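Undergrad: dropping a prediction and its sequence here:
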Amino acid sequence: MKSLEPLPTVHPPRDASSASVRARRLRPLEGKAAGTLIVHEVYRSIQGESTFAGLPCVFVRLTACHLRCSYCDTPHAFHQGEAMGLDAVLAEVEKHGGGLVELTGGEPLLQEESYPLMTALADRGWTVLLETSGGLPIDRVDPRARVILDVKTPASGEAGANVWSNLDRLKPTDEVKFVLGDRGDFEWSLDVIRRHGLVGRCPILMSAVFDRVDPTELAGWILESGLPIRLQVQLHKILWDPKARGV
Ligand code: SF4
């Protein structure tokens with residue numbers, strides 16, 4: 001399907017386009033040696049924000065993001081991280097057994113080595129999830145990886161960063177996710193879903209920004225819409241302290 005033009009945004013996008021802002025945000029990756037990844041943390045927890053929610057999962061949180069979403073709950077991953085070779089990352093993941101693994105961030109696709117990491121994990125029998133901002137192309141991701149693709153809404157402040165052609169590349173095993181900061185975001189997201197014919201292509205997830213939209217209210221909006229949208233709650237914020245890291 002041909003990509004449609006981006007919808008008008010309600011809130012002006014932040015200045016993520018300027019080269020100097022982007023360079024500053026990517027500074028933690030400067031000087032990174034080929035074959036290494038800057039890793040913020042590797043840990044095992046409960047998957048909370050996809051159709052895999054509720055399952056134990058190993059998370060590989062990679063450092064740095066080129067965006068600054070208004071609701072971001074992982075700003076600690078913008079800067080802090082340790083350089084690790086691909087084999088060291090694989091060994092760290094495999095310490096936790098097998099099963100489900102998710103690359104997240106930050107934005108994992110900013111680091112070239114994320115691509116061979118996903119391939120190596122899939123080769124070793126892991127079910128691989130990639131949580132990505134939607135602000136970079138997903139065309140080189142190993143097709144065995146399941147992409148959980150954010151579509152940045154106006155209230156995120158980063159709707160201008162969406163790579164709209166990503167929506168044409170979604171596989172049935174991928175998932176598309178809208179994180180809503182207000183009712184306007186909901187209406188905007190319905191428009192995106194309709195304009196890009198997303199119903200029936202892959203699961204469509206919606207979640208509410210913590211403390212900004214009541215999930216009960218969002219449930220009502222979804223029911224009213226008549227669309228097969230899956231309501232997501234931020235499970236880790238219910239299970240653990242909302243500010244806790246590594247959960
Ligand atoms: S894309 Fe993710 S990590 Fe980056 S600013 Fe937005 S919420 Fe935070």
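TA: Yep, that arrived. Since this is a predicted model, take the numbers as computed values, not measurements.
Undergrad: just confirm Leu129 is within a helix.
TA: No. Under DSSP: H, G, I helix; E, B strand; the rest coil, Leu129 falls outside any helix and is assigned strand.
Undergrad: what's it in contact with, if anything?
TA: Gln47, Ser50, Phe52, Cys57, Leu100, Val101, Glu102, Leu103, Ala145, Arg146, Ile148 (Cβ atoms under 8 Å, 6 or more residues apart in numbering). Placement of C-beta: from N, CA and C, glycine included.
Undergrad: filter those down to the ones in strands?
TA: Secondary structure from DSSP state E places Cys57, Leu100, Val101, Glu102, Leu103, Arg146, Ile148 of these in strands.
Undergrad: just the contacts of Leu129 that are near the ligand?
TA: With Cβ under 6 Å from any ligand atom as the criterion, the contacts of Leu129 include none near the ligand.
Undergrad: low pLDDT regions in this structure?
TA: Applying pLDDT under 70 to the chain flags residues 1-17, 242-243, 245-247.
Undergrad: residues from it in reach of the ligand?
TA: So the chain meets the ligand at Cys65, Leu67, Arg68, Cys69, Cys72, Thr74, Gly105, Gly106, Glu107, Ser133 (Cβ under 6 Å from any ligand atom).
Undergrad: one more pass at 5 Å, please.
TA: For the chain, the residues in contact with the ligand (Cβ under 5 Å from any ligand atom) are Cys65, Leu67, Cys69, Cys72, Ser133.
Undergrad: in a markdown table, list those residues along with neighbour count and secondary structure.
TA: Listed next are the residues of the chain next to the ligand as a markdown table, based on neighbours: other Cβ atoms under 10 Å; DSSP: H, G, I helix; E, B strand; the rest coil:
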| residue | neighbour count | secondary structure |
| --- | --- | --- |
| Cys65 | 24 | coil |
| Leu67 | 25 | coil |
| Cys69 | 23 | coil |
| Cys72 | 17 | coil |
| Ser133 | 25 | coil |
